[in-house]
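Undergrad: got a predicted structure here, sequence first:
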Amino acid sequence: MNYTMHFLQDLYLKISTISAHWNITHCWLCETASPHIICEQCNAELPRPPLVCPQCARPLVFLEYVQICENCRFHPPSFNYVKAVFQYQYPVDKIIHAMKYQANFVLQRWLALQMRARLQTTVEKLKETALLVPVPVYPADLGRRGYNQAAELTKYLARAFNLPYDFKTVSCIKPKQQQANLSQRQRQQNVQGVFAVRSVAEQYSHVIIVDDVVTTGATVNEIALQLKLAGVKKVGVWCCARR
């Protein structure tokens, strides 16, 4: 996608978001009168992560005094940590679906704001400058959908935290099957060889992958693996929701 297309896409997103923002009169979920797209009561009731593994962000099954969960101990993922704002349950799944497939840019901005609030402390603790990269979309899929929600979240978070970002570090070089109905093993096979990583600048020993949802973790794990093979020392994941 060339520069002109990126510019027009960004302009359309901004105009659509501003226009919709000024017309918010009701909560998108409960439909009660509210100046916010998600009212304060609905926001407070959204499913947030319980006690989770600091590496994969999956809920710990037992309240045991462990550094990481059993799965991460015996089958270490390529990424070092996952930070998620919500659990991928109703109605969070409904919100993300609307952002992703119905081009609801107001919900997209709302989700970005929730990520910003959740990640503020994480960013303050960064010991080095981290590079943000979105999970890429195959060009043909991007053309059909019109935009990459992970890229839009990345741009917002990069501006909010004054962090660098790059859309060319990771690319999707071949199409993959839709993963919604695939098992974890099938998902792992489905993403093999799908992503390519170009050389990463030496000053970025820490790269953070940004996505909307992490389910089995197969996609972000494959990207993290490729990043580490390219010489990156530490790879994190930021997402709106974790299943």
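TA: Yes, it's here.

Undergrad: from here on, contacts and neighbour counts on C-alpha atoms
TA: Fine.

Undergrad: which residue ranges of the chain form strands?
TA: Chain-ordered strands for the chain, with DSSP state E as the definition, fall at 81-87, 130-134, 170-172, 195-197, 206-214, 234-242.

Undergrad: next, format those strands as TSV and append mean neighbour count and distance to residue 107.
TA: Formatted as TSV, the entries for the strands of the chain read as follows, by neighbours: other Cα atoms under 10 Å; distance: least, Cα to Cα, whole Å:
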stretch	mean neighbour count	distance to residue 107
strand 81-87	22	14
strand 130-134	24	18
strand 170-172	21	26
strand 195-197	20	28
strand 206-214	23	12
strand 234-242	23	12
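
Undergrad: mind putting the ones you listed into a markdown table with mean pLDDT?
TA: Shown next, in a markdown table, are the strands of the chain (pLDDT from 0 to 100):
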| stretch | mean pLDDT |
| --- | --- |
| strand 81-87 | 98 |
| strand 130-134 | 97 |
| strand 170-172 | 96 |
| strand 195-197 | 96 |
| strand 206-214 | 98 |
| strand 234-242 | 98 |
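
Undergrad: which of these sits closest to residue 105?
TA: Taking Cα to Cα as the criterion, strand 206-214 is the member of the strands of the chain that comes nearest to residue 105, at 13.5 Å.

Undergrad: now do that closest one: which elements does it pack against?
TA: Counting contacts by 3 or more Cα pairs under 8 Å, 6 or more residues apart in numbering; DSSP states H and E, the secondary-structure elements packed against strand 206-214 are strand 130-134, helix 149-161, helix 218-229, strand 234-242.

Undergrad: make it 6 Å
TA: Of the remaining helices and strands, those touching strand 206-214 by 3 or more Cα pairs under 6 Å, 6 or more residues apart in numbering; DSSP states H and E are strand 130-134, strand 234-242.

Undergrad: returning to that earlier point: would you reformat the strands of the chain as TSV and include distance to residue 227?
TA: As requested, the strands of the chain are exported to TSV (distance: least, Cα to Cα, whole Å):
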stretch	distance to residue 227
strand 81-87	14
strand 130-134	11
strand 170-172	8
strand 195-197	6
strand 206-214	8
strand 234-242	8
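
Undergrad: for the residue most central in space within the chain, give me its contacts.
TA: Relative to the mean C-alpha position of the chain, the nearest C-alpha, by Cα atoms, centre = their mean, is the one of residue 211, at 1.8 Å. Taking Cα atoms under 6 Å, 6 or more residues apart in numbering, we find residue 211 in contact with 135, 150, 239.
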